[in-house]
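*Asks:* need coordinates for the below:
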Amino acid sequence: IYQVDSPLKMSLLGRTIDDAVGEAYDKVAAILEIGFPGGPIVDKLAQTGDPTAIRFPRTMLDADSLDFSFSGIKTAVLYEVRGKPTGRGRDAVFERDASELSDTQRADICASFQAAAIDVLIKKMQRALDRIDAKTLVIGGGVSANSLLRSSVEQLGAERNLDVRVPAMGYCLDNAAMIAGLGYQHFIENDLADLELAALATTDLR
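*Replies:* The predicted structure is shown next:
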C-alpha cells in the first residue's frame with residue numbers, strides 16, 4: 001500500500017511480511033493440484049463455491065498495522081485439504097491429498113480462501129484510508145484481475161466517495177509495464193542514471 005502524491009513522490013504504508021497475496025493464490029492452487037498460475041484458476045472455481053463453507057483465518061497483525069501476512073491462511077488451506085501431518089519437515093506424513101476432494105469441496109475451499117484473502121486486503125485499505133486524505137484509490141498488478149477484489153474495491157470507493165481506478169484486464173499482468181511507466185516518468189523529469197546503476201528487484205522506501 002502506497003500513498004502516492006505524484007508519479008515520483010510516494011510513501012510506503014504497508015507490505016507483506018511473508019507471502020504476497022499472488023503467491024498465496026499460487027500456493028493454494030498447488031495444494032489443490034489445480035494448475036498454475038493459481039490466481040485465475042482459484043478465482044474461477046471460487047465463483048461456483050460457497051465463501052462461507054470454511055472460516056479461514058484473517059491475519060490482521062497489530063491493531064494499527066497496514067502490513068499483510070498470508071502464510072497462516074496458506075497453512076490453514078493445507079490442513080483443510082490434507083489434514084494435519086504427523087512428523088515434521090520432509091518426514092511429515094499427511095492423512096490424505098487433494099485427489100480425494102470432490103469438485104464441490106474444491107470450489108468451496110477456493111471461495112472460502114478467496115473471501116479471507118480479499119477481506120484482509122480491503123480491511124487494510126480501509127485502515128490506510130482512515131489515516132490519509134485520499135481522493136483516488138488505485139489497484140494494480142496481477143491480482144487486480146481478481147473478480148472479488150475488483151468488485152470489493154469498487155464498493156469501498158463508493159462507500160468512501162473515492163475515484164476508483166481499476167486497470168483493464170489486459171494490463172493486469174506482470175510488473176514490466178509498471179516498471180516502464182515509472183521509467184518514463186523519470187525520463188521526462190530528466191532523472192537519468194548511467195550504466196553503472198545496479199539493477200535491484202526491490203527498493204525499500206520506508
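*Asks:* use CA for all of it now, contacts and neighbours both
*Replies:* Fine.
*Asks:* SS state for residue 137?
*Replies:* Three-state assignment for residue 137 (DSSP: H, G, I helix; E, B strand; the rest coil): strand.
*Asks:* where's the residue nearest to it when sequence neighbours are not counted relative to residue 150, distance?
*Replies:* The shortest distance from residue 137 to any non-neighbouring residue, by CA to CA, 6 or more residues apart in numbering, is to residue 164 (4.8 Å). Distance, residue 164 to residue 150, by CA to CA, to the nearest Å: 10 Å.
*Asks:* and the pLDDT for the residue nearest to residue 137?
*Replies:* For residue 164, the pLDDT comes out at 98.
*Asks:* equivalent analysis for residue 99, please.
*Replies:* The confidence metric pLDDT takes the value 95 at residue 99.
*Asks:* where does pLDDT dip in this structure?
*Replies:* Scanning the chain for pLDDT under 70 picks out the ranges 174, 201-206.
*Asks:* got the residue ranges for the helices in it?
*Replies:* With DSSP state H, the ranges of helices along the chain come out as 21-32, 38-46, 71-82, 103-131, 147-160, 176-188.
*Asks:* report the buried residues of the fourth one.
*Replies:* Residues 105-121, 124-125, 128 are the ones in helix 103-131 that count as buried (16 or more other CA atoms under 10 Å).
*Asks:* right, and residue 33 touches residue 98 too?
*Replies:* Yes: at 6.6 Å, residue 33 counts as touching residue 98 under the criterion of CA atoms under 8 Å.
*Asks:* who's more crowded, these two?
*Replies:* Legend: neighbour count by other CA atoms under 10 Å for residue 33 and residue 98, higher for residue 98 (17 against 14).
*Asks:* what sits against the closest residue to the more buried one other than its chain neighbours?
*Replies:* The shortest distance from residue 98 to any non-neighbouring residue, by CA to CA, 6+ apart, is to residue 32 (5.4 Å). Residue 32 sits next to 81, 98, 106 when contact means CA atoms under 8 Å, 6 or more residues apart in numbering.
*Asks:* likewise residue 152?
*Replies:* Applying CA under 8 Å, 6+ apart, the residues contacting residue 152 are residue 122.
*Asks:* how much space between it and residue 28?
*Replies:* In this view, residue 152 and residue 28 are 21 Å apart by CA to CA.
*Asks:* over to residue 136?
*Replies:* Here the criterion is CA to CA. By it, residue 136 lies 32 Å from residue 28.
*Asks:* the two: which is more packed in?
*Replies:* More crowded of residue 136 and residue 28, by other CA under 10 Å: residue 28, with 27 against 13.
*Asks:* if I look at the closest residue to that one other than its chain neighbours, how far off is residue 51?
*Replies:* Spatial nearest neighbour of residue 28, excluding adjacent residues (CA to CA, 6+ apart): residue 74 at 6.3 Å. In this view, residue 74 and residue 51 are 16 Å apart by CA to CA.
*Asks:* thank you kindly, that will do.
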